[in-house]
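K.L.:
just to be clear, the model below is a prediction. Sequence and coordinates:
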Amino acid sequence: MDLPLTIKETQKGLIEKKFSAVELTDSYLERINKYNKEYNIFLTVSEEDAYKKAKEIDKSEKKLPLAGVVTGYKDIFMTKGIRTTAGSKVLEGYIPPYSATAVKRIEEAGGITLGKLNCDAWAHGSSGENSDFGPTKNPWNRGCTPGGSSSGSGAALSANMCLVTTGTDTCGSIRLPANYGYLVSLKPTYGAVSRYGVIAMASSLDSVGPLGHTVGDVETVFNVIKGGDGHDSTVVDHEAQAIKSKYKIGIPKEFFVDGIDPEIQKTIDEAVKIFKSEGVEFKEVSLPSTKYAISCYYIIQPAEVSSNLGRFDGIRYGNSREAFGDEAKRRIMLGTYVLSSGYYEAYYLTAMKVRTKICQETEKVFGEVDAMIAPVAPTPPFNLGEKTSDPLSMYLTDIYAATANLSGIPSLAIPSGFSKKGLPLGFQLMGPRFSENNLFDLGKKYHDAISFEPKVALK
């Protein structure tokens with residue numbers, strides 16, 4: 001069979017008996033066995049579970065939305081009976097007694113779990129280099145970052161080891177790996193998908209979402225995992241917005257300033273032209289407070305990290321806190337400091353006020369436009385090791401991602417082409433809360449206009 005397949009092609013092939021679910025599983029496991037040692041993408045491969053599920057799919061006559069769809073989960077998703085480490089030595093031998101809601105729903109919809117994917121420890125990072133089990137390498141160029149923190153989730157698709165994957169996005173951690181891997185991904189509206197069974201990083205910012213090769217695949221997985229489960233009180237069963245017949249997209253002037261790579265600027269300029277040829281209007285908009293977004297994020301997020309990581313005390317999970325890596329320690333200390341007596345009002349309370357201002361400005365803009373276009377990152381994929389000695393420059397990788405997380409709005413990362421060095425390029429479309437349907441529609445319009453075809457790095 002020719003890979004990569006889409007969900008529709010997979011299910012058509014199964015129905016027409018061109019291949020079986022077991023044969024599909026064989027093909028993907030063969031690629032894992034061939035490339036994983038070199039690229040460090042899977043931390044745990046659940047071969048026995050995968051074949052058991054594949055055999056069930058081959059015997060079943062049920063029509064399931066993800067029947068035969070081979071997937072892997074970022075290693076902060078609980079998977080019953082399958083090791084879950086959060087990319088940290090603290091949880092090196094932890095086997096969860098239950099699965100996350102997203103995992104359970106994908107498996108009930110027919111998904112075949114191949115295993116757990118590498119990530120920055122506790123999801124702390126933009127490059128995949130903070131994993132305690134070694135960095136993930138980008139299949140498009142093994143000397144480059146695949147993006148983080150959901151590094152394995154993107155690289156598994158670029159290497160064609162999975163058909164779809166899941167990740168979490170607290171500040172671009174789904175969108176960056178998609179952007180650096182020629183992939184589509186969705187950071188959903190905060191409260192659209194349950195976080196139950198997902199190891200928390202920063203609870204007011206974390207979002208669970210899918211990555212895939214096409215807009216349609218990401219949309220299909222999102223429709224499977226969204227909605228309330230009775231476990232996550234932030235989830236809202238919101239009626240999806242009706243797809244619009246005509247769109248107006250905003251261009252935030254604060255996002256297109258000095259520092260953006262010329263190739264990133266060029267690919268967005270070309271995307272704007274293509275959208276215009278499809279009848280989409282554009283308007284310059286302003287989000288003046290977003291210049292403080294990354295500073296605001298790096299106060300709120302460490303504060304919540306310091307609270308969430310307090311439960312890993314070495315008693316319940318075995319390994320002591322000494323097993324925390326440098327980045328986890330850095331964020332725990334920063335968070336504890338900004339929450340401490342005498343500094344709470346100066347830092348944390350001020351950051352929360354700025355967050356409110358960003359939410360208000362974003363809401364006002366969406367009174368004028370249906371979506372906003374922006375870069376995902378200021379540069380194409382950078383070299384592994386390039387920013388590890390300078391945490392501040394690494395944090396600035398998130399500069400275009402923070403707005404969506406702070407305001408809780410959805411964002412769709414869309415691949416658009418390649419740089420002169422052959423590295424993936426793309427952009428993001430952000431919309432009002434619960435406007436995922438319109439973002440999917442815009443993404444499909446764009447890809448239809450350019451006759452988009454999925455691509456993988458390793459043949």
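P.N.:
Perfect, I can see it now.
K.L.:
Cys144 bridge partners, please.
P.N.:
For Cys144, the beta-bridge partners are Asn383 (DSSP bridges).
K.L.:
would you check how far apart it and Pro424 are?
P.N.:
Look at Cys144 and Pro424: by CB to CB, to the nearest Å, they are 10 Å apart. Every C-beta, even on glycine, is put in place using the N, C-alpha and C of the backbone.
K.L.:
quick check: neighbours shared by those two?
P.N.:
Counting by CB atoms under 8 Å, 6 or more residues apart in numbering, the residues touching both Cys144 and Pro424 are Tyr180, Pro381.
K.L.:
among those two, which residue is more densely surrounded?
P.N.:
Pro424 (27 against 21; other CB atoms under 10 Å).
K.L.:
for the more buried one, report the pLDDT, please.
P.N.:
We have a pLDDT of 98 for Pro424.
K.L.:
nearest spatial neighbour of it, skipping sequence neighbours?
P.N.:
Nearest residue to Pro424, sequence neighbours excluded (CB to CB, 6 or more residues apart in numbering): Tyr182, at 3.9 Å.
K.L.:
so the one you found, which of the three states?
P.N.:
With DSSP: H, G, I helix; E, B strand; the rest coil as the basis, Tyr182 sits in coil.
K.L.:
test my guess that it contacts Gly426.
P.N.:
Yes. Between Tyr182 and Gly426 there is a contact under CB atoms under 8 Å: 7.5 Å.
K.L.:
comparing those two, which residue is more hemmed in?
P.N.:
Gly426 (27 against 24).
K.L.:
contacting residues around the residue nearest the centre of the chain?
P.N.:
What sits nearest the mean C-alpha location of the chain, by CA atoms, centre = their mean, is Ile174, with 1.5 Å. Neighbouring residues of Ile174 by CB under 8 Å, 6+ apart: Ser150, Ser153, Gly167, Thr168, Ser185, Leu186, Lys187, Ser207, Gly209, Leu211, Ala413.
K.L.:
pop the domain breakdown of the chain in here.
P.N.:
Here the domain assignment for the chain is 7-289+370-449, 291-354, based on automatic domain parsing.
K.L.:
tell me which of those domains lies nearest to Lys455.
P.N.:
Lys455 lies closest to domain 7-289+370-449 among these, at 5.5 Å (CB to CB).
K.L.:
just give me how far the closest one sits from the chain centre.
P.N.:
Relative to the mean C-alpha coordinate of its chain, domain 7-289+370-449 is positioned 3 Å out (CA atoms, centre = their mean, to the nearest Å).
K.L.:
next: stretch 357-364.
P.N.:
When distances are taken as CA atoms, centre = their mean, stretch 357-364 is centred 23 Å away from the chain's centroid.
K.L.:
in that stretch, which residues are buried?
P.N.:
By 16 or more other CB atoms under 10 Å, the buried positions in stretch 357-364 come out as Lys357, Ile358, Cys359, Glu361, Thr362.
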